[in-house]
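**Q** Have a look at this fold, sequence not included:
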């Protein structure tokens with residue numbers, strides 16, 4: 001049986017292969033620049049910052065806490081290594097899935 005992480009890697013590999021095949025068939029540099037722009041935009045959307053988990057925060061009268069992580073994904077992250085793993089394992093596969101869906105339309 002394939003575990004979830006292995007399946008995610010296999011799925012990401014298949015999507016990347018589809019993109020590379022489509023890009024090499026097309027001589028249009030616009031498609032390559034559009035793909036690069038989409039990847040850059042997705043990376044810039046994610047940051048290693050802090051966010052309020054389970055709002056409202058204590059300062060706002062609730063019981064939520066301020067935690068380190070990615071505010072865009074609302075995922076707790078404690079180190080730069082974990083942030084890079086988040087980009088590679090969470091953000092990029094999601095982006096590639098979205099772009100593959102757009103291509104298939």
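**A** It's in. The structure presented is a predicted model; accordingly, all values stated were derived computationally and were not measured.
**Q** and the residue nearest the centre of the chain, how far is that from residue 40?
**A** For the chain, residue 91 is the residue whose C-alpha lies nearest the centre (Cα atoms, centre = their mean; 0.8 Å). Distance of residue 91 to residue 40, given as Cβ to Cβ, to the nearest Å: 12 Å. The C-beta positions use only the backbone N, C-alpha and C, and glycine is treated the same way.
**Q** Repeat that for residue 52.
**A** 28 Å.
**Q** OK, contacts around the residue located most distally from the centre of the chain?
**A** Relative to the centre of the chain, the most outlying C-alpha is that of residue 61, 32.5 Å out, by Cα atoms, centre = their mean. By Cβ atoms under 8 Å, 6 or more residues apart in numbering, no residues touch residue 61.
**Q** Ramachandran coordinates for it?
**A** The phi and psi torsions at residue 61 (degrees, to the nearest 10) take the values phi 90, psi 0.
**Q** cool, residue 65 as well?
**A** phi -120, psi 160.
**Q** just the one 10 residues further on next, same as before
**A** Taking degrees, to the nearest 10, you get phi -110, psi 130 for the backbone angles of residue 75.
**Q** one step back: pretty sure the residue nearest to the centre of the chain belongs to a helix, no?
**A** Yes: with DSSP: H, G, I helix; E, B strand; the rest coil as the criterion, residue 91 is part of a helix.
**Q** So it is in contact with residue 47, correct?
**A** No: taking Cβ atoms under 8 Å as the definition, residue 91 is not a contact partner of residue 47, at 10.9 Å.
**Q** thinking again about what came up before, identify the spatial nearest neighbour of the residue nearest to the centre of the chain, chain neighbours not counted.
**A** Excluding the flanking residues, the one nearest residue 91 by Cβ to Cβ, 6 or more residues apart in numbering is residue 46, at 5.3 Å.
**Q** returning to what we had before: which of residue 52 and residue 40 has more neighbours?
**A** residue 52 (17 against 10; other Cβ atoms under 10 Å).
**Q** does the more buried one count as helix, strand or coil?
**A** Taking three-state DSSP, the label given to residue 52 is strand.
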